[in-house]
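A.B. asks: just need the structure, nothing else, for what follows:
(2 chains)
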Amino acid sequence: MSKKVRTRFAPSPTGFMHVGNLRTALYEYLIAKSLGGTFVLRIEDTDQERKVEGAVDIIYNTLRQAKLIHDEGPDIGGEYGPYVQSERKDLYLPYAQKLVEMDKAYYCFCTKERLDSLHNDSDDIGGGYDRHCRNLPKEVVEKNLAEGMPYVIRQKMPLEGSTTFNDAVFGSITVENSELQDQILIKTDGYPTYNFANVIDDHTMNITHVVRGSEYLSSTPKYNLLYEAFGWDIPEYVHLPLIMGKNDDGTVSKLSKRHGATSFEDLVKQGFLPEAVINYIALLGWCPKDNREIFSIEELVENFRIDGISKSPSIFDYDKLEWFNGEYIKALPVEKFAEISMPYFKKAIKTKELDWIKVASILQQRTTKLTQIPEKIEFFEAQPDYDKELFVNKKSKTNLENSVTMLKEGINALNALTEWNHDTIHDCLIGLAQQLEVKNGTLMWPIRIAASGMSVTPGGAVEILDILGKEESMTRLQKGLAKLS
RNA sequence: GGCUCGGUGGUCAAGCGGCUAAGACACCGCCCUUUCACGGCGGUAACACGGGUUCGAUUCCCGUCCGAGUCACCA
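C.D. replies: Predicted coordinates:
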């Protein structure tokens, strides 16, 4: 109850933001903010071989778009910097050496080749390191070191006993120490491994809640042993259930490329709104007591509770995401919707000058993904070559014969209009239907078909004529009439 | 394979010893309607299995089965 809550998001700059990662970031943010704490961004780039150019910018951009604003980080600083592990490189070795002094770690001079053969020899999986260097005489170690022989530093796991730790979502977990590998702490290149750097950084940065995917559950005892060796307080562990994808054969596995878009950027590219993505993944593994579904990031902060996190893995459901996206799209002011849709409008409409607000207003209620837009409106740009059978519709009571009449009458009536807008067109057509003593659909159907050339359109006949303008409308209606005669 | 974790409809999930086992997505039907959609109403569909504990188990314990994660000089 004493310490101020601090969580950290510690991604590796791999070049894209997996939704599982993003969800971890989200929960870290929510835990910190819901408890009045601090959210820290730390870049874990200890793997020099996997460095990707521009990857850090992707992290910043994603966090910004997702509205997960960090309080400390490489770009804004803070009192626990530096926040990039490669810039902290010199920090780790002394801790590892201290562990060696305490006999909790040791130098290992085994070559890559020896390790490889070790893995190959053991036919059953799980051979691991044979602890070859665990008890090298001190003189040998010093001699090797003096000769500049490459080395790693390994953690010296207890051979007996067991280690128990507590997790906020999974509860108490006990593992036999004999199961634990003498994992590497410092690599040959001098960089710490992820596991080691994590412990050192989390402690020196005063992190109170270690939040991460449940794939780390089995390595957590090793962390505990490290904390205990140093005599440090053990943080609160919060392991999150994994996000899975459904395979074609019905099995499930960790969400990956073959399941569809898995990165935040890809999702956005596919026409999903950042808010919708965040809202959806927030509910993947967490549930409020009242089972509400629509949450802004601020509302999530208000309602988030760690005990609402579930243990079982969940499958990423693109259908449900799409539903969320539709809800968010519908909730947008039409001007805003028009603005974010503009790139998609332009993709379909290259020459015509349309009233974008009107286009947006007929699209907004029926769009669940922005990428659906172009195909829905391309008929405004150019009419597709349609079959005259489209004029036949049972429900509207239209056929090839009466469509001719409807079109003729419609053209005459519309032609007489001096003002061309939604209301005048609407009143004109509705009035005409009454006058002809036919149901609205019987008149509207052929007109909509002639105007669009499509059986399914966003908006009805009136909206389409309005957007098309009088001149283009009349041309299309005449063409439709010609097609029928 | 060892170890660890998990198992409520197709999916996300509520439930935390007693309920006709919620809700949402998807699917189906009806209504609304100038198409589609939106919206409204309704429907199909679940406690993996076997033992205990208990007056009573979806809920607690054990076993089985199934699934996942992990066993790297990757994070």
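
A.B. asks: packing partners for the host helix or strand of A:Tyr106?
C.D. replies: If you go by DSSP states H and E, A:Tyr106 is part of strand A:105-108. With contacts defined as 3 or more C-beta pairs under 8 Å, 6 or more residues apart in numbering; DSSP states H and E, the packing partners of strand A:105-108 are helix A:89-101, helix A:138-146, strand A:152-155. Placement of C-beta: from N, CA and C, glycine included.

A.B. asks: got JSON lines for the ones you listed, with mean neighbour count too?
C.D. replies: Listed next are those as JSON lines, based on neighbours: other C-beta atoms under 10 Å:
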{"stretch": "helix A:89-101", "mean neighbour count": "16"}
{"stretch": "helix A:138-146", "mean neighbour count": "12"}
{"stretch": "strand A:152-155", "mean neighbour count": "22"}
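
A.B. asks: mind listing the helices in the stretch 201-350 of chain A by residue range?
C.D. replies: In the stretch 201-350 of chain A, the helices defined using DSSP state H, counting those that start in this stretch lie at A:220-230, A:264-269, A:274-282, A:297-303, A:318-331, A:334-348.

A.B. asks: ok, now the stretch 351-485 of chain A?
C.D. replies: A:356-364, A:373-381, A:400-415, A:422-436, A:440-452, A:461-468, A:470-484.

A.B. asks: can you tell me which of the helices and strands packed on strand A:105-108 is nearest to RNA strand B?
C.D. replies: The minimum distance between RNA strand B and the helices and strands packed on strand A:105-108 falls on strand A:152-155, with 4.8 Å, by C-beta to the nearest atom of the strand.

A.B. asks: check contacts around A:Leu332.
C.D. replies: Applying C-beta atoms under 8 Å, 6 or more residues apart in numbering to A:Leu332 gives the contacts A:Ile340, A:Gln364.

A.B. asks: any idea of the pLDDT on it?
C.D. replies: The score at A:Leu332 is 98. That number is its pLDDT.

A.B. asks: roughly how far apart are it and A:Asn325?
C.D. replies: Per C-beta to C-beta, to the nearest Å, A:Leu332 is found 11 Å from A:Asn325.

A.B. asks: now do A:Ala55
C.D. replies: 26 Å.

A.B. asks: of these two, who's got more company?
C.D. replies: A direct count of neighbours by other C-beta atoms under 10 Å for A:Ala55 and A:Asn325 places A:Asn325 higher, at 25 against 18.

A.B. asks: spatially, what comes nearest to that one if we skip its sequence neighbours?
C.D. replies: A:Ala276 (4.2 Å; C-beta to C-beta, 6 or more residues apart in numbering).

A.B. asks: surely the one you found and A:Glu327 touch.
C.D. replies: Yes. Using C-beta atoms under 8 Å, A:Ala276 makes contact with A:Glu327 at a distance of 7.4 Å.

A.B. asks: so what's A:Ser178 closest to, chain neighbours aside?
C.D. replies: A:Leu159 (6.3 Å).

A.B. asks: for that neighbour, give me the pLDDT.
C.D. replies: pLDDT at A:Leu159 comes out at 94.

A.B. asks: need the helices of the stretch 201-350 of chain A in JSON lines with distance to A:Thr193, can you?
C.D. replies: Shown next, in JSON lines, are the helices of the stretch 201-350 of chain A (distance: least, C-beta to C-beta, whole Å):
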{"stretch": "helix A:220-230", "distance to A:Thr193": "11"}
{"stretch": "helix A:264-269", "distance to A:Thr193": "27"}
{"stretch": "helix A:274-282", "distance to A:Thr193": "28"}
{"stretch": "helix A:297-303", "distance to A:Thr193": "33"}
{"stretch": "helix A:318-331", "distance to A:Thr193": "35"}
{"stretch": "helix A:334-348", "distance to A:Thr193": "43"}
